[in-house]
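Participant: please work out how this folds:
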Amino acid sequence: MKENKTGPAHEETHSAGISICKMISAYRITSDDVASQSREQALARKMGKPPLPCAAVPESRRLDEFLKSSDAEYLLMIFDPEFWYPETCWINWLDAERNNPTRDLISLPLGNQNPGWRKGLDVPLYMTESGLEKASLFQAKTIWMYRQAETVQELCVFLTPRVILEQIPGKLKLKSIPEYLSFRKYPVRIYCHGWLHNFNALGDAGCRRDLLSMTEWKGLVLEMGCGSGFMAGTCKSMGNEVVWIGVDFDAMVIRDASEHVDLAVLADANHHLPFTPNVLFDRVVCADFLEHLPYPWEFLSALRGKMAQGGQLIASVPNVGHWSVVLDLMAGRFDELPAGNLCVTHLRFGTKISWGRWLKQSGWDVLCWEEERLPLPDNLKTFGHEYGLKTDRDSLETIRYRLLAEVR
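Facilitator: Here you go, the predicted model:
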């Protein structure tokens, strides 16, 4: 076997007696500074790490230069490393490739990269790590599914024969390969034993059209935890005349948010709101933000003094009373994830009752509640009835609450 010039030679690896193909070299295509990773990113990358050496390659490198640095016959390319894929899934997928290699197809693992892939497949629903574990055991009736690449999200991780990369223009930068392949609807085969969950595959989730539909948008808007500013950009694209100020404590995302907001402010809400007393807001957005504060009621109390006449708070908060979390607690589990109800950076956990109480004691009246639901599975719909247990089905089925509030 020839030496991989970019990284060490990839000898055959064994786990539970299963071999991983020795003809594969793995690469993480990145521009990230590891020191700037968030805790969510660090956990996600740990959950998706392949069980073989993985060399980091700058996304700005030209493809022809990259191919000169590696003589691997097959290349595992990771463009978005924030996903869940356990070691057993990796081993099974790569061993399936060893047993049935192809030189004219790109190979992908089955997962949520494309919601359409799930159609007709009875993949278990999941919201917690235990649910992901069950999903990873899924096996379709056929081992392979044949499709065409449609989006860059589908190509967050893929295995490709070297000859396919050699057919792509060499001047192309590595970061552009998924876009090149998806634009041309390149044929792919999908390994259907196991399940990959990409934490960034929710499309326009950051645009928060669900929250934008809750009220009329006007005047001066403050968004706490604005991230990359997609909600601001979406609100303006809908024709709303607003001046949008985004606040976040992450310098990297504030840089990205500057493209969409009118003013991007780097600040930590645990200390103070960095605005003079004469600045009053017509709308304040706290989209999945309050649960990241140790004492959200203190922030909500301080926020009251920053509201203009008729100002409104638009917020979304997770529900720790969802059935997936309740079942985990009954099994003695409370596992942290990079996103969702049990996000690793959540500091405050509540239900509709507790969130409503915290808002009320902070001087806010909730005008309306909306629920984002993942219904109870059929086998749980009568849970506890035989013992006369009182259950709140609305709470058990709600993943997240959305609310509109005003100062009392």
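
Participant: after the host helix or strand of Ile29 comes which helix or strand?
Facilitator: Taking DSSP states H and E as the definition, one finds Ile29 inside strand 24-30. Remark: after strand 24-30, the chain's next helix or strand is helix 39-48, criterion DSSP H and E.

Participant: low pLDDT regions in the stretch 101-250 of the chain?
Facilitator: Judged against pLDDT under 70, the low-scoring parts of the stretch 101-250 of the chain cover residues 203-204.

Participant: so what pLDDT did Ala339 get?
Facilitator: Confidence per residue is given as pLDDT, and for Ala339 that number is 94.

Participant: if we can go back for a sec, name every strand pairing with the strand holding Ile29 and say which way it goes.
Facilitator: If you go by DSSP bridges, strand 24-30 pairs up with strand 54-58 (parallel), strand 74-78 (parallel).

Participant: and whatever helix or strand comes next after the first one, how far out from the chain's middle?
Facilitator: Translated: strand 54-58. As assigned by DSSP H and E, the chain's next helix or strand after strand 54-58 is helix 63-68. Mean C-alpha position of helix 63-68 versus that of the full chain (CA atoms, centre = their mean, to the nearest Å) differs by 31 Å.

Participant: how about the CA coordinates for helix 63-68, as CSV?
Facilitator: Output for helix 63-68, consisting of C-alpha atoms alone and laid out as CSV, is shown next (Å, rounded to 0.1, in the frame of the first residue of the first chain):
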residue,chain,number,x,y,z
LEU,A,63,-8.6,20.3,-6.1
ASP,A,64,-5.6,19.5,-8.4
GLU,A,65,-3.2,20.5,-5.6
PHE,A,66,-5.1,18.3,-3.1
LEU,A,67,-5.0,15.3,-5.4
LYS,A,68,-1.3,15.6,-5.9
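
Participant: average model confidence for it?
Facilitator: Averaging the model's pLDDT scores along helix 63-68 yields 97.

Participant: now it: buried residues?
Facilitator: Applying a neighbour-count criterion of 16 or more other CB atoms under 10 Å, the buried positions in helix 63-68 are Leu63, Phe66, Leu67. Placement of C-beta: from N, CA and C, glycine included.

Participant: quick one: residues contacting the first one.
Facilitator: By CB atoms under 8 Å, 6 or more residues apart in numbering, the contact list for Leu63 reads Leu165, Ile168, Pro169, Gly170, Lys171, Leu172, Lys173, Leu174, Ile177.

Participant: could you redo the last one with a cut-off of 10 Å?
Facilitator: Under the criterion of CB atoms under 10 Å, 6 or more residues apart in numbering, the contact partners of Leu63 comprise Leu165, Glu166, Ile168, Pro169, Gly170, Lys171, Leu172, Lys173, Leu174, Ser176, Ile177, Tyr180.

Participant: could you dump these into TSV with neighbour count and distance to Pro124 added?
Facilitator: Compiled in TSV, the contacts of Leu63 are given as follows (neighbours: other CB atoms under 10 Å; distance: CB to CB, whole Å):
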residue	neighbour count	distance to Pro124
Leu165	21	35
Glu166	11	39
Ile168	18	37
Pro169	10	42
Gly170	13	43
Lys171	10	44
Leu172	16	39
Lys173	16	38
Leu174	22	35
Ser176	16	35
Ile177	22	32
Tyr180	17	34
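
Participant: for the stretch 51-200 of the chain, which segments count as strands?
Facilitator: In the stretch 51-200 of the chain, strands defined by DSSP state E, counting those that start in this stretch lie at 54-58, 74-78, 83-84, 106-111, 139-148, 157-161, 187-198, listed in chain order.

Participant: dump these into a markdown table; add mean neighbour count as well.
Facilitator: Shown next, in a markdown table, are the strands of the stretch 51-200 of the chain (neighbours: other CB atoms under 10 Å):
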| stretch | mean neighbour count |
| --- | --- |
| strand 54-58 | 16 |
| strand 74-78 | 22 |
| strand 83-84 | 24 |
| strand 106-111 | 24 |
| strand 139-148 | 13 |
| strand 157-161 | 23 |
| strand 187-198 | 22 |
